[in-house]
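Asks: here is the input, now give the coordinates:
(2 chains)
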Amino acid sequence: MSKPEYARMKFYCDEDLCIDCNGCVVACKEAHEVPVGINRRKVVTINEGIVGKEISLSMACMHCTDAPCQQVCPVDCFYIRVDGIVLHDKDKCIGCGYCLFACPFGAPQFPQDGAFGIKGKMDKCTMCAGGPEETNSPAEFNKYGQNRIAEGKVPMCASMCSTKALLVGDSTEVAAIKTYRSVAHGKGISTQSYGW
Amino acid sequence: MANTWGYGAMTNHLGDMQNSKAIIIFGANPASNHPIAMQHILKAKEQNGAKIIVIDPRYTKTAAKSDIYCRIRTGTDIAFLYGMIRLIRDNNWYDKSFINDRVYGMEEIFKECEEYTPEHVEDITGCPKELLIQAATAFATAEPGCLIWNQGWTQHTVGSSNTRLGSILQLVLGNMGKPGGGTNILRGHDNVQGSTDMGCLSDTLPGYYGLAEGSWKYFASQWKVDYEWLKGRFKSKEMMEAKGFSLSLWMNGVLDEANAKNNAGTPLKALVCIGNGISTITQTHKVKEALDKLDLVVFIDPYVNDAAVITTRDNNLYLLPAASQVECSGTVVNTGRSAQWRSKVIEPLYEARPDEEILFDFAKRMGFYDEFTAGMGKGKDFTWPEDATDEIARSLKTVGFQGRTAARVKKHTENWHLFDTTSLKGRGPVSKEYYGLPWPCWTQEHPGSPVLYNINLPVSQGGMGFRTRFGTERNGVSLLAADGAAPVGSRIKGGYDEITSQNIENLSGIKLTDEEKKLVEGKNWKTDDSGILVRNALKAGLAPYGNARARTIVWGFRDEIPKHREPLHSFRQDLVKRYPAVADIENHYRTTVRYASEQNAQNWVADYPINIVSGRVVEHMGTGTETRASKYLAELSGEMYGELHPELAAKLGIRDGEMMWVYGTGEGKIKIKCKYSYRVDENSVFLPQNFSGVWSGESLESRYPAGTAPHSFGENSNQVTSYGYDQQTSCPETKCSLVRIERA
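Replies: Presented below is the predicted three-dimensional model:
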């Protein structure tokens, strides 16, 4: 009997295509009703305005296989799904911020509530896969947002990307698209526009 | 463009840009203003090897994706273009057979370009001549190349000359009428092409029919009302046929009594504004004065129009809540002339009502509801908006709307997945049709025309030559296309006049029956309701509008060929004498407009030494009335700012993040945050045009009705943009202005 094949879910953003339109950021916030001030996804532009050197990139949680956030968490609130998506349990999270120390990408976000900016539970990109609550339940939506993966849908950010710079999916599929684009480079128009 | 080759619309379409080998983006910033268009442009770059050439005063997000970037001073586009044309002429890169067969008057252009040597262009534009040569070489040697422009070209005193010379550049290179070529003007927002087609302008009836008596009589017949009754609604026949005020100049009809003579002896008394951010034009302080002075002001919008809080009037100001786009249905037309059906998602919320219901109510109370709705031909039992869409299809023959019925547009929208996104071509039940039936779509069987002026296709499959719109000859020279330059399958192998009842038999070779003759008597392709003229023309492979040459000379225009003219408020006073503005214009859209007198009023740059570069931010649309009401967009772009080069800021003694006062050449001033940026050069400040709700340092938030204020506010940049309007169209000059800046 063959073993089931699991996907390894990954993001990829192409700096040659990202135009810093922030469509991914707004799509994420609208989809998950994220509070203002929390940025599960950010677009960063470096060398802004320097001729020939400006590049933009959309960044969120990279869903590491050997996730540093998980290793440093004192209450062990993180768990990694078999498809590689890194999620956490907000009921266990104590909002200490160690994961922000450990994360190489600045992904963990902390809600600012109240006059003195009390640290809340950590929030981050779920790759639109919800959390430990019952799938697609109101409780899951309230704490983690939509669970589009469970519905077989592409995460909101990549589906909304205006230039298709941002890709997400099984890492072999993402790599295949990159390879295809690389082979098609300069060979004429060989694909449909959307999702090329 | 309409004055160059017949129609004023994007000639190709978004997906078609993928077929380009070089793309010039000139006075446009699609990465911020048309992010989806950027996908097609970047795909052309990657898969098709297209060179991306960006020419812009500011190093924009679009420029960041370019292969060649040329920074020019604002308002020097014509000099740059002539510099390119001169290089193309001298290097023999121009398309001789295309010019010979399909263009009139190119000699004049080749003469005018003579003075624009690379050195002279460098002096005028500030762009190093090496970059001009690189850009011209890359573009001229690409086969084909497409040209993209935007408001960076149109919002100038010489905007109409910019767009004409851009069109001429594409004629020089023979880039017209082919996939991957064309002049691709990306329209500013959702359905602008649709509203332009519908004649939401003061100088024409729907479908670009103009305002002449014949046009009114034609529309009286289409609307099924009596011409005399229609005429009776106007003060006089003369006023009925006179251009109205334009969006940019209407306030002078309120404020300046001297203009009353152009307006039947009266100043404007009332304003009804439906879905228009009227503070996005220059001279916003004049807009405020005019709003304060009117007897009645009505705004009809889904959000509170920011002009409603700019005015300080305390009576006779009405806000009527209108339904948003998701609460209505009907067609929308994209920048590439394709129509799509938009379905209603939800019923209008709260007190909001669809525009047509509000307008029907106006008509009822003014006593002409029956006449208002008669054109649909269904009496009181019409279905909105389908019957109106079919009425539009019947009436707008000039742009070939006959085939764009509600049923066909819906069928395309519902079968969206069956169309190729690069060519727009359909498969299966929509095979041989193009998505959204891009106009002209001559008959109910016609597939639409994705690429205008393409003679490599039969007319019945979307082909056509240039339009015979300016006569058939001038000074003894034929304006018709040369022999051999006709659409594939054409019975006439060269040029021909537009189709009329007199020439149809001769041109098409099809004899009309006596009954048909009676039906088409006295008609032409624009007015024939029977459809016989268009049908027979298509049978003979003829374009109903004729087959002529594009022209470089526009007789009757102030500049018969495009000429560089320094902005009214020029950064280069030394060039003003050599390239002066035109003389002042009397009765320009009913108002007197200053050109030379404004330019010479004083040495502006001495007192206002900083150049404005204006534009939009990706997060906001227009005045931001809708987008600033979104908490997430307000979070990303929450306040007004001005981008200053750190060198200039240092000279002015302003630190990054500090507030500064910006004083315009008019009476306006704004207090905004300084943002250090290398996007602009050391003489300029970039001001986004998307903010409102703060007036010269004072917040207007308290003036919004309870619960309607947006999440972010900011000073309106058009308080400080200088006086100036296009010398033909009256489009506001938002791009060339001078200001003085001080630390606040």
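Asks: need the pLDDT of A:Gly120.
Replies: Here, the pLDDT recorded for A:Gly120 equals 79.
Asks: how about B:Phe470?
Replies: Note on B:Phe470: pLDDT of 95.
Asks: identify the residue nearest B:Met1 in space, chain neighbours excluded?
Replies: B:Gly8 (4.6 Å; C-beta to C-beta, 6 or more residues apart in numbering or on different chains). Every residue, glycine included, has its C-beta placed from N, CA and C.
Asks: quick one: pLDDT of residue 36?
Replies: All of this refers to chain A. 90.
Asks: the intended chain is chain B.
Replies: If you check B:Ile36, the pLDDT there is 92.
Asks: wait, isn't it in contact with B:Leu14?
Replies: Yes: at 7.4 Å, B:Ile36 counts as touching B:Leu14 under the criterion of C-beta atoms under 8 Å.
Asks: need the contact list for the residue nearest to B:Met1.
Replies: For B:Gly8, the contact set (C-beta atoms under 8 Å, 6 or more residues apart in numbering or on different chains) comprises B:Met1, B:Ala2, B:Thr196, B:Tyr208.
Asks: where does chain A dip in pLDDT?
Replies: A:1-4, A:113-119, A:193-196 (pLDDT under 70).
Asks: what parts of it come near chain B?
Replies: Proximity of chain A to chain B is confined to A:16-17, A:19-23, A:25-26, A:29-30, A:36-37, A:45, A:48-52, A:54-56, A:162-164, A:181, A:184-194, A:196 under the rule C-beta under 8 Å from any C-beta of the partner chain.
Asks: from these, list the buried ones, please.
Replies: For those, a burial check counting by 16 or more other C-beta atoms under 10 Å in any protein chain shown picks out A:17, A:19-23, A:25-26, A:29, A:48-49, A:54, A:56, A:162-164, A:181, A:184, A:189, A:191, A:193, A:196.
Asks: out of those residues, which sit inside helices?
Replies: Among those, the residues falling in helices (DSSP state H) are A:Gly23, A:Val25, A:Val26, A:Lys29, A:Arg181, A:Ala184.
Asks: about what we covered before: pLDDT at the residue nearest to B:Met1, what is it?
Replies: So B:Gly8 comes in at 92 (pLDDT).
Asks: helix, strand or coil for it?
Replies: coil (DSSP: H, G, I helix; E, B strand; the rest coil).
Asks: can you pull out the strands in the stretch 401-550 of chain B?
Replies: B:473-474, B:477-478, B:550-551 (DSSP state E, counting those that start in this stretch).
Asks: those residues of chain B touching chain A, which are they?
Replies: Within chain B, the positions near chain A by C-beta under 8 Å from any C-beta are B:15, B:18-19, B:31-32, B:35-36, B:38-40, B:42-44, B:46-49, B:59, B:61-65, B:69, B:420-422, B:618-619, B:630-633, B:635-636, B:677-680.
Asks: and B:Thr117, what does it touch?
Replies: The contact partners of B:Thr117, by C-beta under 8 Å, 6+ apart, come to B:Gly83, B:Arg86.
Asks: could you rerun that using 7 Å?
Replies: With contacts defined as C-beta atoms under 7 Å, 6 or more residues apart in numbering or on different chains, B:Thr117 is in contact with B:Arg86.
Asks: kindly report the same for A:Ala67.
Replies: By C-beta under 7 Å, 6+ apart, the neighbours of A:Ala67 are A:Phe78, A:Ile80, A:Val86.
Asks: adding secondary structure, distance to B:Gly27 and neighbour count, write the residues you listed out as CSV.
Replies: Shown next, in CSV, are those (DSSP: H, G, I helix; E, B strand; the rest coil; distance: C-beta to C-beta, whole Å; neighbours: other C-beta atoms under 10 Å in any protein chain shown):
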residue, secondary structure, distance to B:Gly27, neighbour count
A:Phe78, strand, 50, 21
A:Ile80, strand, 50, 16
A:Val86, strand, 46, 23
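Asks: what is the nearest of the residues you listed to B:Gly653?
Replies: A:Val86 (49.0 Å; C-beta to C-beta).
Asks: strands along the stretch 151-300 of chain B, start to end?
Replies: Taking DSSP E, counting those that start in this stretch as the criterion, the stretch 151-300 of chain B contains strands spanning B:183-185, B:270-274, B:296-301.
Asks: give me the buried positions along the second one.
Replies: Applying a neighbour-count criterion of 16+ other C-beta under 10 Å, one finds B:Leu271, B:Cys273 buried in strand B:270-274.
Asks: what angle separates it from strand B:296-301?
Replies: Strand B:270-274 and strand B:296-301 meet at an angle of 0 degrees, taking axes from the mean of the first three to the mean of the last three C-alpha atoms, to 10 degrees as the criterion.
Asks: strand partners (parallel or antiparallel) of strand B:270-274?
Replies: strand B:296-301 (parallel) (DSSP bridges).
Asks: chain neighbours aside, what residue packs nearest to whichever residue of the stretch 251-400 of chain B sits closest to chain A?
Replies: With C-beta to the nearest C-beta as the measure, B:Gly336 is the residue of the stretch 251-400 of chain B nearest to chain A, at 12.6 Å. The spatially closest residue to B:Gly336, leaving aside those adjacent along the chain, is B:His13, at 3.0 Å (C-beta to C-beta, 6+ apart).
Asks: now do B:Ile670
Replies: B:Glu715 (3.7 Å).
Asks: how near is that neighbour to B:Ser279?
Replies: Computed as C-beta to C-beta, to the nearest Å, the B:Glu715 to B:Ser279 distance reads 11 Å.
Asks: and if you look at A:Val44?
Replies: Here the criterion is C-beta to C-beta. By it, A:Val44 lies 33 Å from B:Ser279.
Asks: what does B:Glu742 give?
Replies: Per C-beta to C-beta, B:Glu742 is found 24 Å from B:Ser279.
Asks: again, but for B:Gly546
Replies: In terms of C-beta to C-beta, B:Gly546 sits 42 Å off from B:Ser279.
Asks: who's more crowded, these two?
Replies: Taking neighbours as other C-beta atoms under 10 Å in any protein chain shown, B:Gly546 and B:Ser279 compare with B:Gly546 leading, 28 against 24.
Asks: contacting residues around that one?
Replies: Residues near B:Gly546 by C-beta under 7 Å, 6+ apart: B:Arg467, B:Thr468, B:Tyr496, B:Asp497, B:Glu498.
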